[in-house]
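the sequence and its predicted three-dimensional model are supplied below.
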Amino acid sequence: MVSSDQRRRQLAREKFARQQQRRAAARRKARRRNVIIASALAVVVAAGAAAYATAGLGGNDRSSDEAAAGPTKPADPCARPAKGSPSKKKWKKEPAMSVDTSAAYSAKLRTTCGEIDLKLDAGKAPHTVNSFAFLTKQGYFDHSKCHRLVDQGIYVLQCGDPTATGAGTPGYTLPDENLKDPRLKGGVYPAGTVAMANQYDGKSDKTRNSGGSQFFLVYQDSKLPPNYTPFGTITGGMDVLKKIAAAGSAPESQTGNTAPNATVVINRATVAAS
């Protein structure tokens, strides 16, 4: 029969074990935060997340036992991708303008995790919407993997790179547009924003006007400077993005991306005008 002292010691050991597990989880979380967007062409937060990344630096490295075991990867909440290969197409220059800036455009991303619906703002970002519609018509986004999930400090899913490395481009660049959109109040891209990634380094104007095909979907208010063309809003599928975010992300040593643990592939993308 267990004595009351033995029982207290057992409960104390169990409490200590739970505390250690929570601390280990916190260390893993901090480590993941500190490596967000490490590659030189990690275009979503090139300058905007710099302050956040710096603020997040600390000495919270994992212990040797944790490093050996590695974090437990959550179950993949998404389906297997449809058959097909990512695009390898390239173009020498921006496509000719063909959008009607007075028309309403919508886009649908049929992903392995569910459908995401977008409303595109051709009136405020004509070059960006024109390019997005062109690339969609060319099948450029079909079978491409959403290669980056940022779930600490800022909250975005980045897609639009068929190489899934963060360095892929369609071969041309786009001008920055709509950077004074009144929705970007206080340096915050609100949840539901669709914006272009780019290579702006936050210092040299030579790195402006460097958008291409990569775009990001904001699933929670994110503090970023107004350097990334907002060209649409998410009108459906926020639950899909939340599901992807809930599965978390993991750093990739080869690309520097924080790739989503979920297998997020755009099986097919379409754009329609009305």
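That came in fine, so what should we check first?

distance-wise, check L109 relative to L157.
10 Å (C-beta to C-beta, to the nearest Å). The way it works is simple: take the backbone N, C-alpha and C, and place the C-beta from them, glycine included.

now the helices for this protein?
4-34, 50-55, 64-69, 126-137, 238-246 (DSSP state H).

what's the least confident stretch among these?
Of all the helices of the chain, mean pLDDT reaches its minimum on helix 50-55 (a mean of 33).

for stretch 152-160, the distance to its chain's centre please.
On the basis of C-alpha atoms, centre = their mean, to the nearest Å, stretch 152-160 sits 3 Å off its chain's mean C-alpha point.

quick one: mean pLDDT over it.
97.

what residues of that stretch count as buried?
Q152, G153, I154, Y155, V156, L157, Q158, C159, G160 (16 or more other C-beta atoms under 10 Å).

equivalent analysis for stretch 261-274, please.
For stretch 261-274, burial by neighbour count (16+ other C-beta under 10 Å) applies to N261, A262, T263, V264, V265, I266, N267, A269, V271.

and for stretch 211-227?
Buried-residue list, stretch 211-227, by 16+ other C-beta under 10 Å: 211-220, 222, 224-227.

likewise stretch 166-186?
By neighbour count on 16+ other C-beta under 10 Å, the buried set for stretch 166-186 is G166, A167, G168, T169, P170, T173, L174, D176, E177, N178, D181, L184.

list the contacts for the closest residue to the last one other than its chain neighbours?
Translated: L184. Closest residue to L184 apart from its sequence neighbours, by C-beta to C-beta, 6 or more residues apart in numbering: P226 at 4.7 Å. Contact analysis of P226 by C-beta atoms under 8 Å, 6 or more residues apart in numbering lists L179, K180, D181, L184, G187.

where's the fourth one relative to P81, distance?
Yep, that's L184 we're talking about. Relative to P81, L184 is positioned 33 Å away (C-beta to C-beta).

dig out what the residue most central in space within the chain forms beta bridges with.
The centre of the chain sits closest to L157, judged by C-alpha atoms, centre = their mean, with a distance of 2.2 Å. Going by DSSP bridges, L157 is paired in beta bridges with L149, L217.

need the contact list for it.
L157 neighbours (C-beta under 8 Å, 6+ apart): C146, R148, L149, F216, L217, Y219, L241, I244, A245, P260, V264.

ok, now with 6 Å
Each residue near L157 by C-beta atoms under 6 Å, 6 or more residues apart in numbering is listed here: C146, L149, L217, L241.

rewinding a little: closest to H127 out of the contacts of P226?
Closest to H127 out of the contacts of P226 is L179 (12.8 Å), distances taken as C-beta to C-beta.

one step back: of the contacts of L157, closest to R13?
L149 (36.8 Å).

that closest one and A262 touch, don't they?
No: the criterion here is C-beta atoms under 6 Å, and L149 misses it with A262 at 8.0 Å.

from G84, how far off is V156?
25 Å.

and the longest strand seen in the chain, what does it pack onto?
If you go by DSSP state E, the chain has its longest strand at strand 265-273. Helices and strands touching strand 265-273, by 3 or more C-beta pairs under 6 Å, 6 or more residues apart in numbering; DSSP states H and E, are strand 105-111, helix 126-137.

let me have those in TSV, adding distance to L120 and mean neighbour count as columns.
Formatted as TSV, the helices and strands packed on strand 265-273 follow (distance: least, C-beta to C-beta, whole Å; neighbours: other C-beta atoms under 10 Å):
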stretch	distance to L120	mean neighbour count
strand 105-111	4	21
helix 126-137	5	22
